[in-house]
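In: predicted structure and sequence below. I'll ask about it afterward.
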Amino acid sequence: MTVHTDDKTATLLASLGIESENPGAYDGTWIDTSGPVIQSINPTTGEPIAGVRTASIDDYERVARAATEAFEVWRTWPAPKRGEIVRQLGDELRRHKDALGALVTLEVGKVLSEGLGEVQEMIDMADLAVGMSRQLYGKSMHSERPEHRMYEQWHPLGPVGIITAFNFPVAVWAWNATVAAVCGDSMIWKPSEKTPLTAVAVTRIAQRVLEANDAPPIFGLAIGDRHQVGKPMTADTRLPLISATGSVTMGKAVGRAVADRLSRSLLELGGNNGIIITDDADQDLALRAVLFAAVGTAGQRCTSTRRLFLQKGIAASFKERLVEAYKSIKPGDPMDPGTLMGPLIDARAVEDMQSAIAKAVEQGGKVLCGGEAIEGDGFFVQPTLIEAKVQMPITCDETFAPILYIFEFDQLDEAITAHNSVPQGLSSAIFTTNVLAAERFLSPLGSDCGIANVNIGTSGAEIGGAFGGEKETGGGREAGSDSWKIYMRRQTCTINYGDELPLAQGVEFDV
Ligand code: NAD
């Protein structure tokens, strides 16, 4: 294997324990894995960074056994003590924030401030989960029977399978792992095959925390494709919950496999997010928000804005300003602090973007700017604006690239109907200074998405709220609020402290 790394990259990789070839599974020790080697490719150059020996089905089995054993011990630790391990994980992430953030940028191609932001999100999740570890509240109820007490309590659920996508290679693990850990679950992580190095680096960080505390190896790792790891994991009856983040196609396969064994799935799938801008909106604010949400991360966020609805009074002038702004964006090295947009993840993503643009034109769309792949090293494309019609089928698909379809509308309800007419339902936004329009958008007749914002773009959610979407986005919720409940099992308890045995609903059964 040829690995092309300069001295700076070599130092970065070494600081995170990444070697030229790395084992792809951890069960408390790093397993000498026997699956094929995959190379992690730097999308900025198209060159390999380092390799990972993937987990075979036998390696997966080892990790699953260890996760099952770790759960038996971990669930007996008091929740606040589990929280203390997660607190230390957060501290260790703080210490490695710069290096890990740079590795995210190297492996995924998102700009450095977003790479660092992703690690900050992990740290924020750790902080949130520490607090949760003392707040896994159950309710108590008044029993209808005299001298009886009723309450609900929440117990650890079991080993959890975590499948993650390439575009948030470490934050999505943290959304799941920090909360699952305080809830008393062990876990097995199957990261994307496109981002194996960040997964190895994070697991090494977590390993140090576990070992320093003699904690069971709850943070298992098995790197491999859907055949080696994905399918054995989703079929594994030892895992009562599979949390899967990725495309709708993946979610349908995982959802079916998990439903077949009547277990739980938590699905975080694709989005096709829209912003509505009304005539009275603050145009400057809206322009900045659209740019970040549509061009940021090269359009590779599940919450990226893909559809823009402009009210007729401002449509022409807003489009003009947007085209100017798009033309000023020069895709480049994501490590360079001046860069706003890095590359796409791989050559396939560039082809998918080109094919979507061709279809849009065939279906009556007009390219206003961009539209081309950029020749040279790496997987760079031009951010693209396309004037479109709501009926164009391509606008109902999620193309994971910086394409923004623009539509015009007269009345708000017309825009809301068009906005809701796609199969996905993740994130949505309206820009308006009219309180009636804002409230209509947030009402039951408004946006049908899991996330609905006013005067904020569709991407960049905070961890305090529950994150997720409706319809083909899968219905899952992760991160803040009461999302922790899916990682636990609920038990309803009734205690009789009297010497009679009254039956509920007044049923008599005397012998
Ligand atoms: P992907 O679906 O190709 O892969 C995601 C993960 O699923 C990978 O680890 C992959 O190996 C695994 N996988 C694929 N098929 C599987 C199967 N049959 N069984 C088990 N595992 C399987 O997605 P991607 O290209 O890595 O990521 C981009 C997609 O993820 C986009 O659709 C994006 O919207 C979505 N995403 C959603 C969220 C969210 O929270 N809703 C967050 C990030 C990304």
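Out: Ah, there it is. Numbering: from 1, shown residues only.
In: does the ligand sit close to stretch 484-503?
Out: No: using C-beta under 6 Å from any ligand atom, stretch 484-503 stays clear of the ligand, with a minimum separation of 14.0 Å. Quick note: C-beta positions are derived from backbone N, CA and C, even for glycine.
In: what are the boundaries of the helices in the stretch 101-250 of the chain?
Out: Assigned by DSSP state H, counting those that start in this stretch, the helices in the stretch 101-250 of the chain fall at 112-132, 171-182, 196-212, 231-234, 248-260.
In: now the first one against helix 171-182, angle please.
Out: By that I understand helix 112-132. Relative orientation of helix 112-132 versus helix 171-182 (axes from the mean of the first three to the mean of the last three C-alpha atoms, to 10 degrees): 10 degrees.
In: quick one: helix 112-132 to helix 196-212, angle?
Out: Using the same axes, to 10 degrees: helix 112-132 against helix 196-212 is 30 degrees.
In: mean pLDDT and mean neighbour count added to the helices of the stretch 101-250 of the chain, as TSV?
Out: Putting the helices of the stretch 101-250 of the chain into TSV (pLDDT from 0 to 100; neighbours: other C-beta atoms under 10 Å) gives the following:
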stretch	mean pLDDT	mean neighbour count
helix 112-132	98	21
helix 171-182	98	28
helix 196-212	98	22
helix 231-234	97	22
helix 248-260	98	17
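In: avg pLDDT for stretch 397-416?
Out: Here stretch 397-416 scores 98 as its mean pLDDT.
In: okay, now Thr494: neighbour count?
Out: 12 (other C-beta atoms under 10 Å).
In: give the other helices and strands that the helix or strand encompassing it contacts.
Out: Under the criterion of DSSP states H and E, Thr494 resides in strand 488-496. With contacts taken as 3 or more C-beta pairs under 8 Å, 6 or more residues apart in numbering; DSSP states H and E, strand 488-496 sits against strand 148-156.
In: the same query, at a cut-off of 10 Å, please.
Out: strand 140-141, strand 148-156, helix 171-182 (3 or more C-beta pairs under 10 Å, 6 or more residues apart in numbering; DSSP states H and E).
In: how much does the last one deviate in direction from strand 148-156?
Out: Using the same axes, to 10 degrees, the inter-axis angle of helix 171-182 relative to strand 148-156 is 130 degrees.
In: what's the angle from helix 171-182 to strand 488-496?
Out: Going by the same axes, to 10 degrees, helix 171-182 makes 20 degrees with strand 488-496.
In: over to the second one?
Out: Using the same axes, to 10 degrees, the inter-axis angle of strand 148-156 relative to strand 488-496 is 160 degrees.
In: in strand 148-156, what's buried?
Out: 148, 154, 156 (16 or more other C-beta atoms under 10 Å).
In: and the gap between the residue nearest to the second one when sequence neighbours are not counted and the ligand?
Out: Sequence neighbours aside, Met488 is the residue nearest to Trp154 in space, at 4.1 Å (criterion: C-beta to C-beta, 6 or more residues apart in numbering). Met488 sits 21 Å away from the ligand, taking C-beta to the nearest ligand atom, to the nearest Å as the criterion.
In: please state the offset of stretch 480-490 from the chain centre?
Out: 17 Å (C-alpha atoms, centre = their mean, to the nearest Å).
In: average pLDDT for it?
Out: Rounded mean pLDDT across stretch 480-490 is 97.
In: hmm, Val104 and Gly342 touching each other?
Out: No: contact status for Gly342 versus Val104: not in contact, 11.1 Å apart, counting by C-beta atoms under 10 Å.
In: any common contacting residues for those two?
Out: With contacts defined as C-beta atoms under 10 Å, 6 or more residues apart in numbering, the residues adjacent to both Gly342 and Val104 are 110, 112, 114-115, 334.
In: between those, which is nearest the ligand?
Out: Minimum distance to the ligand across the shared contacts of Gly342 and Val104 is 12.2 Å, recorded for Lys110 (C-beta to the nearest ligand atom).
In: report pLDDT for the closest one.
Out: At Lys110, pLDDT is 98.
In: Met341 and Pro502: what is the separation?
Out: Here the criterion is C-beta to C-beta, to the nearest Å. By it, Met341 lies 68 Å from Pro502.
In: who has more neighbours out of the two?
Out: Remark: of Met341 and Pro502, Met341 carries more neighbours, 24 against 15, as counted by other C-beta under 10 Å.
In: contacts only, for Leu128.
Out: 86, 90, 174-175, 178-179, 182, 463-464, 479-480, 484.
In: hang on, I meant Leu93
Out: Taking C-beta under 10 Å, 6+ apart as the test, what Leu93 contacts is 100, 119-126, 170, 174, 178, 202, 205-206, 209.
In: relative to the ligand, which of the helices and strands packed on strand 488-496 is closest?
Out: Taking those one by one with C-beta to the nearest ligand atom, helix 171-182 is closest: 6.0 Å.
In: which positions in the stretch 401-511 of the chain make contact with the ligand?
Out: Residues of the stretch 401-511 of the chain lying near the ligand (C-beta under 6 Å from any ligand atom): 426, 473.
In: pLDDT below threshold where in the stretch 401-511 of the chain?
Out: For the stretch 401-511 of the chain, applying pLDDT under 70 flags no range at all.
In: could you pull out the helices for it?
Out: Using DSSP H, counting those that start in this stretch, helices in the stretch 401-511 of the chain cover 412-419, 435-442.
In: pLDDT and distance to the ligand added to the buried residues of strand 148-156, as a markdown table?
Out: Formatted as a markdown table, these follow (pLDDT from 0 to 100; distance: C-beta to the nearest ligand atom, whole Å):
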| residue | pLDDT | distance to the ligand |
| --- | --- | --- |
| His148 | 98 | 43 |
| Trp154 | 98 | 24 |
| Pro156 | 98 | 24 |
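In: residue boundaries of the strands in the stretch 251-400 of the chain?
Out: Counting by DSSP state E, counting those that start in this stretch, the segments of the stretch 251-400 of the chain that form strands are 264-268, 273-277, 305-311, 366-369, 384-387.
In: any idea how far the first one is from the chain center?
Out: Taking the mean of its C-alpha atoms, strand 264-268 sits 12 Å from the chain's own mean (C-alpha atoms, centre = their mean).
In: CA atoms only: put it into CSV for me.
Out: What follows is strand 264-268, C-alpha atoms only, in CSV (Å, rounded to 0.1, in the frame of the first residue of the first chain):
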residue,chain,number,x,y,z
ARG,A,264,-36.2,-1.4,17.9
SER,A,265,-34.7,0.7,15.3
LEU,A,266,-33.8,4.4,15.5
LEU,A,267,-33.6,5.7,11.9
GLU,A,268,-32.0,9.0,11.0
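In: got a markdown table for the helices of the stretch 101-250 of the chain, with distance to the ligand too?
Out: Formatted as a markdown table, the helices of the stretch 101-250 of the chain follow (distance: least, C-beta to the nearest ligand atom, whole Å):
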| stretch | distance to the ligand |
| --- | --- |
| helix 112-132 | 11 |
| helix 171-182 | 6 |
| helix 196-212 | 10 |
| helix 231-234 | 5 |
| helix 248-260 | 3 |
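In: got the ones you listed as a markdown table, with distance to His142 columns?
Out: A markdown table is the format used below for these (distance: least, C-beta to C-beta, whole Å):
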| stretch | distance to His142 |
| --- | --- |
| helix 112-132 | 27 |
| helix 171-182 | 29 |
| helix 196-212 | 43 |
| helix 231-234 | 42 |
| helix 248-260 | 36 |
